[in-house]
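> Give me coordinates for this.
(2 chains)
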Number of protein chains: 2
Amino acid sequence: MDILVVGSVAFDTVETPFGHGHEVLGGSATYFSTSASFFTGVRLVAVVGEDFPDEHRSFLSSRNIDLTGLQVAPGRTFRWKGRYGYDLNEAQTLETHLNVFEGFQPKLPEDFRDAEVVFLANIDPELQMEVMRQVKRPRLIACDTMNFWIGGKRDALVRTLDQVDILIINEGETRQLANEPNLVKAAKAILALGPKTLVVKRGEYGVLVFGEHSVFSIPAYPLEEVFDPTGAGDTFAGGFVGYLAATGSFTDAAIRKATVFGSVMASFTVEDFSLNRLRSVSWQEIEDRFRRFQALTAFEGLD
Amino acid sequence: MDILVVGSVAFDTVETPFGHGHEVLGGSATYFSTSASFFTGVRLVAVVGEDFPDEHRSFLSSRNIDLTGLQVAPGRTFRWKGRYGYDLNEAQTLETHLNVFEGFQPKLPEDFRDAEVVFLANIDPELQMEVMRQVKRPRLIACDTMNFWIGGKRDALVRTLDQVDILIINEGETRQLANEPNLVKAAKAILALGPKTLVVKRGEYGVLVFGEHSVFSIPAYPLEEVFDPTGAGDTFAGGFVGYLAATGSFTDAAIRKATVFGSVMASFTVEDFSLNRLRSVSWQEIEDRFRRFQALTAFEGLD
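Modelled structure (predicted):
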């Protein structure tokens, strides 16, 4: 199954203790699509400005990403500027210029409306709802959100979550959304809002997945060189949803394996700036790292 | 094999958002011994004051813990007072009264000197070295330390580490000891100091184990009720070293399984104040939770 993704395409300017990237290709939908494209076809709905170069468009097209839904609006593309310290878990945002993204109204091309798998990246929950209205009969809807919407548009977000199968957010957002410091209790409260699965991203500490009858946890891959964590969460989501869409199976076993593939993809993204590592990584390397995750986490059972 | 442990026995006064404990039984050697005693016999070397009640002595003796090496010195037992906020990962120390622990000189009873497995809990590295001098031919030495010694007695600590097989410390201490923010690089630097295995405790995020040719990682058991994290690290070490001593095997496979048992034991300790949960937990519950760790972390491989 192909995936429909709606989110942002942006230029990022990023400083980390190990270097910096100036106006490099970024955005939630970009990372998600590129990561998911290793598993299945992707249909992208987003908006860019007139300054968006053909070079980036060609790259995305070359990756089995359908750009029919990529609107071009008068003005400049979304720009984000951020900095990371040695604690690479949290970015400090220095500048956000929404530009054309501010007036973004997702409009699905007619033949995108039969999408079976949908990923709603981190955008206004009212727009997420609007996308769900335009899709005919999706089999799986996953979504992301952030502290800004949890605090500022809680009602709309709660209505969105009621229609979503899988919510993929970070640890702080989990606690904030449930207003509960204990993660297990917070997860229960969030599952009661609608999602059947809650995926909690914990940065360098890995991922916790809460289902109705199951909890799964996997550490992050321990890396000696982490250059830039930007896009790690969306890359994770791309591998996660990508694997599920490719197999068409949404069982607990599939979700566990999808979590590992998501973690594998994210572990590559952080090894370089922007999408650089996703541009170079091979399927062989992805499978190798999947096997390293097995070696990392395996232990013998009781006799 | 029995284990020789040298460390502190203390009274803890602890406040958490969920309640408080006043002058309850605590101390690194106490948590370690009680946890390890589920796996093998323990010989305890520590000091208490004249105020240490028979009740605690009886409890420890009842757990296959040999108290021949428990000195009684004139004065009061070590007292610690601390507080935890909703972020239960780090204690805020309010008061430390070393009392009789200040003049502690570990003196091994003659028949403790043939110990095959030794755990040096978090004490002055010069005392750790003194203990190693008194032990004849140990097969395995594991030790703990803390920021205070890393900062204040680095030379002595480095000399200790040169003789130690397994170092068990937390994440911040790992970075501090290696003076390196990246955990993988920090681990390599520490292994170069002597230990063949470095166990990095990450609180609610689990444990990372670095060996010469292997890395193992396991998440913490997700708990709905965490009452008091005091003693979790020493309880982990007790289960970890306890399992290794009980089997007499120190292979990579044994170390992985020991890490799971350590995590299982720690997950019980934090469910109640002081040693309360370790007093009530059964072997059946320990095995059940080991199996839950398997369910928590299992995923299917590539075809």
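> Please settle this for me: is A:Glu225 part of a helix?
No. According to DSSP: H, G, I helix; E, B strand; the rest coil, A:Glu225 belongs to no helix; its state is coil.
> ok, it - contacts?
By C-beta atoms under 8 Å, 6 or more residues apart in numbering or on different chains, the residues touching A:Glu225 are A:18, A:271, B:182. Where you see a C-beta, it was placed from the backbone N, CA and C, and this is true even at glycine.
> are any of those residues buried, and which?
Buried residues within the contacts of A:Glu225, counting neighbours by 16 or more other C-beta atoms under 10 Å in any protein chain shown: A:271, B:182.
> what's the spacing between the nearest residue to A:Gly211 once chain neighbours are set aside and chain B?
Closest residue to A:Gly211 apart from its sequence neighbours, by C-beta to C-beta, 6 or more residues apart in numbering or on different chains: A:Thr197 at 5.2 Å. To chain B, A:Thr197 is 15 Å away according to C-beta to the nearest C-beta, to the nearest Å.
> Torsion angles phi and psi at A:Thr197?
Torsion angles at A:Thr197 (phi, psi; degrees, to the nearest 10) stand at phi -140, psi 130.
> give me the number of residues near it?
23 (other C-beta atoms under 10 Å in any protein chain shown).
> Now do the same contact list for it.
A:Thr197 makes contact with A:165-167, A:209-211, A:255 under the criterion C-beta under 8 Å, 6+ apart.
> same deal with A:Asn89?
A:203-204, A:229.
> As TSV, those residues with neighbour count would be great.
Listed next are those as TSV, based on neighbours: other C-beta atoms under 10 Å in any protein chain shown:
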residue	neighbour count
A:Gly203	19
A:Glu204	21
A:Pro229	21
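> now, which of the residues you listed lie close to chain B?
A:Glu204 (C-beta under 8 Å from any C-beta of the partner chain).
> nearest to B:Ala156, of the contacts of A:Asn89?
A:Glu204 (31.5 Å; C-beta to C-beta).
> what's the closest non-adjacent residue to the closest one?
A:Ala220 is the one closest to A:Glu204 (C-beta to C-beta, 6+ apart), at 5.1 Å.
> just A:Arg291 next, same as before
With C-beta to C-beta, 6+ apart, the residue lying closest to A:Arg291 is B:Leu302, at 6.9 Å.
> How many residues are close by that neighbour?
With other C-beta under 10 Å as criterion, B:Leu302 counts 10.
> From A:Gln176, how far off is A:Phe148?
11 Å (C-beta to C-beta, to the nearest Å).
> wait, A:Ala142
19 Å.
> can you confirm A:Gly233 is in a strand?
No. Applying three-state DSSP, one finds A:Gly233 to be helix, outside a strand.
> how close does it get to chain B?
17 Å.
> That residue touches A:Asn170, doesn't it?
Yes. A:Gly233 is within contact range of A:Asn170, at 6.7 Å (criterion: C-beta atoms under 8 Å).
> Compare these two (neighbour count), which wins?
A:Gly233 (24 against 20).
> three-state assignment of A:Glu15?
strand.
> residues touching it, list them.
A:82-84.
> what sits up against stretch A:254-268?
Applying C-beta under 8 Å, 6+ apart, the external contacts of stretch A:254-268 come out as A:35, A:38-39, A:197, A:199, A:206-207, A:209, A:211, A:216, A:218, A:220-221, A:223, A:232-233, A:235-244, A:247, A:277-278, A:281, A:285-286, A:289-290, A:293, B:298-300.
> who in chain A is up against chain B?
A:86-87, A:181-185, A:202, A:204-206, A:208, A:214-219, A:222-226, A:253, A:256-257, A:259-260, A:287, A:290-291, A:294-302.
> count of neighbours near A:Ala73?
Neighbour tally, A:Ala73, other C-beta under 10 Å: 18.
> That one: what's it in contact with?
Contacts of A:Ala73 by C-beta under 8 Å, 6+ apart are A:47-50, A:100, A:103-104.
> who are the neighbours in contact with the residue nearest to the spatial centre of chain A?
Geometric centre of chain A, nearest residue: A:Asp234, 2.4 Å, by C-alpha atoms, centre = their mean. Taking C-beta under 8 Å, 6+ apart, we find A:Asp234 in contact with A:7, A:28-32, A:35, A:121, A:144.
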